[in-house]
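A.B. asks: My questions are about this predicted structure, shown below with the sequence.
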Amino acid sequence: MTMVRNLPRYACGHVHSADAYARADDHSQTLSWAATDLPCSNCCRHLLATLDLNPEVYVNLQQLSPGMAAFVIEVNEVAQPLDGVLKLTGYVHRAASTDELHPGGDAFDLPNAVWRKEYWFADETEPMHVVALLRHLKQEMRWLETYLPKGERGIHFADFVPPH
Ligand SMILES: [Zn+2]
């Protein structure tokens, strides 16, 4: 294993675990650096638990337009500082999707709002590229679960945000 010279240092003063950083892929390392203006995942997780909030993550596949599909990530029950972390790492505020064919629209309906990120690909994409994208997505989930009070148990694949 190579020595990691620079580790992300967060707003709370904590430094990213060298072990976890070394195990993360490029994508997750980039996500970590993007969120250093906010408290670290441990501090975020404890704060959310204190607020009695239990954000969970739903990852699914949606047909977003003719010929285009996307892996979609939606996170519910989010408050600061996780709000900020998601915003800094490419998530946008949207209404929750209902199912594979009904993506959520604008977040006018605030009680039902989620943070969403989409990874698009064309229907005719080579399966090996789709698998690579899925691997990328799983790495992102390994990073995101460190922010959740429930950890890995808060990540749901092939599932949708439960209706209110
Ligand atoms: Zn911290």
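C.D. replies: Structure received.
A.B. asks: Near the ion, which residues of this structure are found?
C.D. replies: Applying C-beta under 5 Å from the ion, we find that the chain lies next to the ion at C12, H14, P39, C40, C43. The way it works is simple: take the backbone N, C-alpha and C, and place the C-beta from them, glycine included.
A.B. asks: Report the two of these separated the most.
C.D. replies: Pairwise distances across these peak at 7.7 Å for H14 and P39 (criterion: C-beta to C-beta).
A.B. asks: of those two, who's got more company?
C.D. replies: Per other C-beta atoms under 10 Å, whichever of H14 and P39 has more neighbours is P39, with 23 against 14.
A.B. asks: Might you report the residue contacts of the spatially closest residue to that one that is not a sequence neighbour?
C.D. replies: Distances taken as C-beta to C-beta, 6 or more residues apart in numbering place C12 nearest to P39, at 4.0 Å, with adjacent residues excluded. Taking C-beta atoms under 8 Å, 6 or more residues apart in numbering, we find C12 in contact with P39, C40, C43.
A.B. asks: Relative to K87, how far out is C12?
C.D. replies: Going from C12 to K87 by C-beta to C-beta, to the nearest Å gives 18 Å.
A.B. asks: can you count the residues close to M68?
C.D. replies: 13.
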